[in-house]
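> Any chance you can model this:
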Amino acid sequence: MRNVVFVAPFPLETTMRFARAVGQLPGVRLLGIAQEAAGGDDRALFADVVTVRDGLDARQLVEAAQLLAKRHGGLHRMVGILEPLQVSLAEARQALGIPGTNPVTADLFRDKGRMKDELRRHGLPCARHAVIRSWADAEAFVKQVGFPVVVKPPAGMGSKSTWRIENVDELGAALRALHASPERPALAEEFLRGREFSFETITIDGRVQFESATRYYPTPLEVMEKPWIQWVVVLPRTIDGPDYADARALGVKAVTALGLETGMTHMEWFRRDDGSLAIGEIAARPPGANIVRMNSFAHDTDMYRAWARAVVDSAYDGPYERKYAVGCAFLRGGGRGRVRAVHGVDAANARVGKLVVESKLPAPGSPKSDSYEGDGYVIVRDPDTEVVKQAMTTIIETISVEYA
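Residues are numbered from 1 along each chain as shown. Coordinates of the predicted model:
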């Protein structure tokens with residue numbers, strides 16, 4: 001029996017999907033480290049759980065893992081999906097002699113400034129950037145690239161704590177909000193204009209085995225800036241043609257340049273108006289925004305299990321046929337408070353219900369979510385990408401969420 005430790009500070013549903021996949025692998029005894037242990041049916045997944053005060057602290061992870069090893073024997077793997085966890089996980093694995101991504105590689109993926117330096121060193125296009133430790137640094141960067149710029153933490157995740165800066169006053173406000181200093185620098189980037197996409201991979205022993213891509217409508221930064229808009233992610237039926245060939249090659253080169261041996265990656269990239277490409281950032285973790293779920297529907301396979309097979313067994317069971325285009329619409333609205341009503345569901349169902357494979361409607365009475373994913377979603381699929389895109393338009397134009 002192989003002892004696999006799954007680390008998750010809190011038992012969120014999106015996180016537990018990955019824990020279930022690990023626990024269902026043959027010959028695995030699932031052990032846990034958490035700030036808050038899972039409840040309900042998920043409690044039975046774990047043979048043992050050690051709780052810690054801070055699930056992101058490497059020292060506490062080491063001590064908890066040592067206790068689990070004392071109780072159950074040697075540890076085969078130690079895994080987790082959250083981006084803020086990846087460096088701590090790598091440090092704990094190294095201290096315990098457990099195979100997996102090492103701290104140097106984990107930090108290259110986590111520190112967006114170092115990441116871009118390394119990508120550029122390998123000749124890969126990405127946003128111009130600067131580490132901001134002082135107002136003089138900020139002024140120099142703006143003089144180089146002009147407004148608008150993007151300001152965020154060097155170890156941010158997606159578009160969280162990220163600002164589009166249009167002028168000097170906004171720049172000062174953002175740097176104050178991030179407490180930018182020599183000890184706690186911020187990251188400034190040129191503002192990339194164009195269409196934004198994602199690129200996902202599964203890599204085994206340094207070789208990319210699985211590739212996928214999606215497009216965001218609109219960009220994640222705009223979604224964060226305008227929390228009332230409903231937005232969609234579309235996974236096209238095929239990415240084998242010329243429209244994606246250069247982006248796929250770029251994504252594979254990025255994974256190789258940053259030194260990932262085994263795992264899943266999520267890269268955000270832009271196609272500028274002139275057709276050129278630029279990498280926004282890349283993370284050594286599974287994607288959010290239901291993209292793993294969407295890939296499961298597109299390929300008629302369990303992509304959570306595919307991730308688990310990679311990080312636990314260093315194995316890949318593909319290739320998987322991409323049978324469908326898939327879209328996910330995220331349901332949100334203006335206002336504050338709690339969900340009062342969800343309008344237009346019957347009308348949307350009458351028009352596109354036959355395409356729906358999964359949905360989670362906002363629950364009346366529940367507090368408004370502060371997540372960019374909103375309070376609900378609808379996933380559709382069809383062999384025709386244009387049918388999926390039209391269905392996405394129908395859903396976000398027909399369904400509305402009312403708060404009070």
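
> For stretch 142-152, measure first residue to last.
Across its full length, stretch 142-152 reaches 15 Å between end residues, using CA to CA, to the nearest Å.

> quick one: buried residues of it?
Judged by neighbour count using 16 or more other CB atoms under 10 Å, the buried positions of stretch 142-152 are 142, 145, 148-152. Where C-beta positions appear, they are placed from N, C-alpha and C, glycine not excepted.

> What of stretch 127-141?
127, 129-132, 137-138, 141.

> Kindly indicate which of these lies nearest residue 112.
residue 129 (7.6 Å; CB to CB).

> Verify the stated contact: that closest one with residue 116.
Yes: because the distance of 5.1 Å satisfies CB atoms under 8 Å, residue 129 is recorded as touching residue 116.

> Give me the common contacts of those two.
Listed contacts common to residue 129 and residue 116 are residue 189; contacts here mean CB atoms under 8 Å, 6 or more residues apart in numbering.

> and residue 348, what is it in contact with?
Residue 348 makes contacts with 378, 394-395, 398-399, as judged by CB under 8 Å, 6+ apart.

> Distance from the chain centre to the strand or helix carrying it, please.
In this structure, residue 348 sits in helix 345-352 according to DSSP states H and E. Taking CA atoms, centre = their mean, to the nearest Å, one finds the center of helix 345-352 at 30 Å from the center of the full chain.

> again, but for stretch 131-144
From the chain centre to the centre of stretch 131-144 is a distance of 29 Å (CA atoms, centre = their mean).

> Please measure how far the first residue of stretch 39-58 sits from its last one.
Taking CA to CA, stretch 39-58 runs 24 Å from one end to the other.

> what sits against residue 71?
When the contact criterion is CB under 8 Å, 6+ apart, the partners of residue 71 are residue 48.

> For residue 47, list the residues it contacts.
Applying CB under 8 Å, 6+ apart, one finds that residue 47 lies in contact with 29-31, 72.

> repeat for residue 205
Applying CB under 8 Å, 6+ apart, the residues near residue 205 are 261-262, 314.

> Counting neighbours, which bits of stretch 236-251 end up buried?
Applying a neighbour-count criterion of 16+ other CB under 10 Å, the buried positions in stretch 236-251 are 236-237, 239, 244, 247-248, 250-251.

> and it, what's its mean pLDDT?
Throughout stretch 236-251, pLDDT has a mean value of 96.

> related to what we said a few turns ago, strands - which of the buried residues of stretch 127-141 land there?
By the criterion of DSSP state E, membership of these in strands covers 129-132.

> Which strands and helices lie in contact with whichever strand or helix holds residue 106?
Secondary-structure element containing residue 106, defined by DSSP H and E: helix 103-110. Counting contacts by 3 or more CB pairs under 8 Å, 6 or more residues apart in numbering; DSSP states H and E, helix 103-110 packs against helix 86-96, helix 112-121, helix 242-258, strand 277-283.

> do that again at 7 Å, thanks
Identification of packing neighbours for helix 103-110 by 3 or more CB pairs under 7 Å, 6 or more residues apart in numbering; DSSP states H and E yields helix 86-96, helix 112-121, helix 242-258.
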